[in-house]
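In: Give the three-dimensional model of this entry:
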Amino acid sequence: MTPIKHVAGTAIPFGRKNVDTDVIIPAHWLKTITRTGLGKGAFESIRAEEGNIFDDPAYAGAQILIAGDNFGCGSSREHAAWALLDMGITCVIAPSFSDIFSGNAFKNGILTVVLPQEAIDRLLEVAKDQPIDIDLETQTVTTPFQDRFQFEIDPFRKHCLINGLDEVGLTLARDEAIRTHEAKIAAELPFLANVVAA
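Out: Numbers count the residues shown, from 1 in each chain. This next block holds a predicted model:
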């Protein structure tokens, strides 16, 4: 997982409320067994609208998405997080998120930032033509106009995102302790080795 400490630059001022995972990535894209290529299907129904924000060249390459309340509601598809990552999004800012989406986003290395609606309204306005800056270490979102919004994040999630640790990475970080434990068990209970080998 790629570490996230600081994300800055263009942000997509999307702002729609109650965007469910079927809007983020429609069901017919779920047949794939790989994470790559899903960005093409992300927000497909919205991209069908003329003049949609996702195909606006002004927001090409954006890593930040500013969304509305209850982002990621609906079914629990992990493909929604994969699709966002594949289109380059590493941070979503919204007033609230579905718990399942927020968990899937975290496990896939996407930072979800919860801010009050007033802050979201300001960021939507600024993002139309100015960059947004997110600092995970100080837990702040800032703008070139000296706006400064503080956000909360679970300390464990913050640690994992800053260090790029997913569940496999967390396990590998304990490699020495695991090996020590396995050696101790093998010495104390040698008969278990035969059971495992069989």
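
In: Secondary structure of residue 18: a helix, I assume?
Out: No: Residue 18 is assigned coil when assessed by DSSP: H, G, I helix; E, B strand; the rest coil, not a helix.

In: Can you tell me, leaving aside adjacent residues, what's nearest to it?
Out: Leaving aside its chain neighbours, residue 18 sits nearest to residue 70 (4.8 Å; criterion: Cβ to Cβ, 6 or more residues apart in numbering). C-beta here means a position set from N, CA and C on the backbone, and glycine is covered the same way.

In: got the phi/psi numbers for the one you found?
Out: Dihedral pair for residue 70: phi 70, psi 40, per degrees, to the nearest 10.

In: which ones are touching it?
Out: 17, 18, 19, 94, 96, 97, 98 (Cβ atoms under 8 Å, 6 or more residues apart in numbering).

In: Tell me the pLDDT of the residue nearest the centre of the chain.
Out: Geometric centre of the chain, nearest residue: residue 110, 1.8 Å, by Cα atoms, centre = their mean. Looking at residue 110, its pLDDT reads 97.

In: Could you measure from it over to residue 25?
Out: When Cβ to Cβ, to the nearest Å is the yardstick, residue 110 and residue 25 sit 13 Å from each other.

In: ditto for residue 3
Out: As judged by Cβ to Cβ, residue 3 and residue 25 stand 25 Å apart.

In: Then residue 157?
Out: In terms of Cβ to Cβ, residue 157 sits 23 Å off from residue 25.

In: neighbour count winner among the two?
Out: Counted by other Cβ atoms under 10 Å, residue 157 and residue 25 do not tie: residue 25 has more neighbours, with 25 against 17.

In: surely the more buried one meets residue 42?
Out: Yes: with contact defined as Cβ atoms under 8 Å, residue 25 reaches residue 42; the gap is 5.8 Å.

In: Overlap of the contact sets of those two?
Out: Common neighbours of residue 25 and residue 42 (Cβ under 8 Å, 6+ apart) are residue 83.
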